[in-house]
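Asks: Sequence plus predicted model, see below.
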Amino acid sequence: MAFFLQKETVKLACNCGSLKPIYRLYFCRHCQKIRCAYCVSHEVESHYCSHCLENLASADARLKRNCCTNCNDCPACSHVLSVRIVPVTSADPDDPSRTVTRKGYYLVCSFCRWTSRDAGMPDQTSATGGWAEREVPHARRISSLLEHYKGLAAKERQEKEKRKYVPRRSYLHFSDKFGLSTLLARKRAGLAPQGPGLKDDASGLPELEPAEASEGVEPLPESVFSEPLDLSQVTTMAQRLLQVEVQPADVRRLLPVHKPLLVKRSLRCRECEHNVSKPETSPSSTKFKIQLFAYYHVPEVRVVTCEPLLAGRPAQLVLKLCNPTQHQTTLSFLPLPSPEEDRRELELALQERRKKRAPEAKGSAGGREDATAVVQSFTRQLSAGEDPRPVAVEVTGDVVLPECSVVLPPRDDAAEYDDVGDSHVFHDDPKVVAWRKANKAAVKLSVLPRPEAPGGEVVVGFLLQYSYVNTIPALDQRTPQTQDLRVRVYLSLGPTLGG
């Protein structure tokens, strides 16, 4: 619980300039940079129902309108409906003098006690499926519009294919692709040209009934003026939006809603296009094939204690540092760059991105572009990462950083339950390191709130430099390489108490 309480206290800066807590960030091992939700592309892996855990392919989910056909939600409170069994006595069709007891099934909500009988739905003889569905009044018009525009899209696609010039193509290629022999035969017979999949009419599209506008408006019923209004029988806006195609105004017209499907998504770095998160396909599995969260690769910073903050007076701050990796790391504290240095770094980063995009633009500019090249260049632009931006935060305090570095041993799960002692021996400065345990260490800092904003929020920041062991083998280097990476850390320590 203490970890989530500090989500507004300790934040890390992403490459795009946004500030996020460490559990909302990702770490790309190929770029060796921190990525937030804006710097990764989201891809749908699978569709599944959260109630029955049925896994569906993307094509099947599209045909079922991204809804589960077996599970239903309550139209009143959006809770999952359950099936109840009741005995139903009816006359025997073979012998009317005798009665037969059978099982009847109806839907009931265990939260708001809504039942399918309230909507006038008859009990079903089967527990799965068969529930009544209200017909959409404009379904025929919508289907005709869809067919019309599908034909229009096919005609435009065919015209583009005809205008497209492909050199070094033989007559047989155009004859097989566009049906030139059929066109010549129709021309000799004096008939109009006909494309594949189109009709003989002038437009070549399916017939569409024109829309008719009506000036008259249906009058309100007399019950609106004579009977008192009962708000408990009127549907709310949320209940109407659950059934957009009908939008019932009366509670008695509410029908069960098919439960919408959920998706499992994978996250991909926009700069190098490598996965940073990829879940298992099975809906019942909570494991990940790839799980590159920053919490497992970047040292964690927590605020342990902080003395009362007085404007213009130093206060002691104790931070706890944790090494989540399986390798030893060395931490160093550096001051934040000045605005001029920050501006210079942003310009250099933008120049590097422009140099990477320049060869792609030159390759696409020369010669005639085909559809594949256009699509690839457009996809490349969509997958490009966010441009570097300055961090939009105002620092209202100064922090005195230690000059010496702090070494953290690798993570050992068994050391959490070891009461004998720590086997690692480090010669730490007692003025800097307060205590150690396993892969954790407490560091003392000094915070000096600025006097120009008394009573305001004290925000301090620093650069945390840590050694990262890259375990991904390269072509020229097969052994793990150790590199020094930096991340900006900002601390919100609360308001000052005055001067």
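Replies: Received, thanks. In this text the structure is predicted, and so the values were computed from the model without any measurement.

Asks: Name all residues that make contact with the residue lying closest to residue 261 once chain neighbours are set aside.
Replies: Setting aside the residues directly before and after it, residue 261 is nearest to residue 47 in space (CB to CB, 6 or more residues apart in numbering), at 4.6 Å. The way it works is simple: take the backbone N, C-alpha and C, and place the C-beta from them, glycine included. Going by CB atoms under 8 Å, 6 or more residues apart in numbering, residue 47 touches 55-58, 60-61, 66, 261-263.

Asks: Buried only: go through those residues for me.
Replies: By neighbour count, with 16 or more other CB atoms under 10 Å, those hold 55-56, 61, 261 as buried.

Asks: tell me which of those is nearest to residue 409?
Replies: Of all the buried ones among the contacts of residue 47, residue 409 sits closest to residue 55, with 42.7 Å by CB to CB.

Asks: And the closest one, its phi and psi?
Replies: Phi and psi for residue 55, reported as degrees, to the nearest 10, are phi -100, psi 130.

Asks: wait, it sits on residue 46?
Replies: Yes - assessed by CB atoms under 8 Å, residue 55 is found in contact with residue 46 at 5.9 Å.

Asks: now the helices for this protein?
Replies: Ranges of helices in the chain, per DSSP state H, are 2-5, 58-63, 139-163, 171-178, 180-188, 223-226, 237-241, 339-365, 371-382.

Asks: what mean pLDDT does the fifth one have?
Replies: On average, the pLDDT along helix 180-188 is 60.

Asks: Ok, the longest one next?
Replies: Rounded to a whole number, the mean pLDDT of helix 339-365 is 69.

Asks: circling back: now, which of the contacts of residue 47 sits nearest residue 283?
Replies: Among the contacts of residue 47, and counting by CB to CB, the member closest to residue 283 is residue 55, at 5.4 Å.

Asks: Now do the contacts for the closest one.
Replies: Residue 55 neighbours (CB under 8 Å, 6+ apart): 46-48, 281-283.

Asks: What's opposite residue 279 in the beta bridge?
Replies: Beta-bridge pairing for residue 279 (DSSP bridges): residue 288.

Asks: so where's the stretch 51-200 of the chain shaky on pLDDT?
Replies: Applying pLDDT under 70 to the stretch 51-200 of the chain flags residues 129, 164-200.

Asks: One more pass at 80, please.
Replies: Scanning the stretch 51-200 of the chain for pLDDT under 80 picks out 90-97, 100, 126-137, 161-200.

Asks: Please convert the buried ones among the contacts of residue 47 to CSV, extending it with distance to residue 462.
Replies: Shown next, in CSV, are the buried ones among the contacts of residue 47 (distance: CB to CB, whole Å):
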residue, distance to residue 462
55, 47
56, 49
61, 48
261, 45
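
Asks: now, which of these sits nearest residue 355?
Replies: Using CB to CB, the buried ones among the contacts of residue 47 come closest to residue 355 at residue 61, 41.7 Å.

Asks: Apart from its neighbours in sequence, what residue is nearest the closest one?
Replies: Excluding the flanking residues, the one nearest residue 61 by CB to CB, 6+ apart is residue 47, at 4.0 Å.
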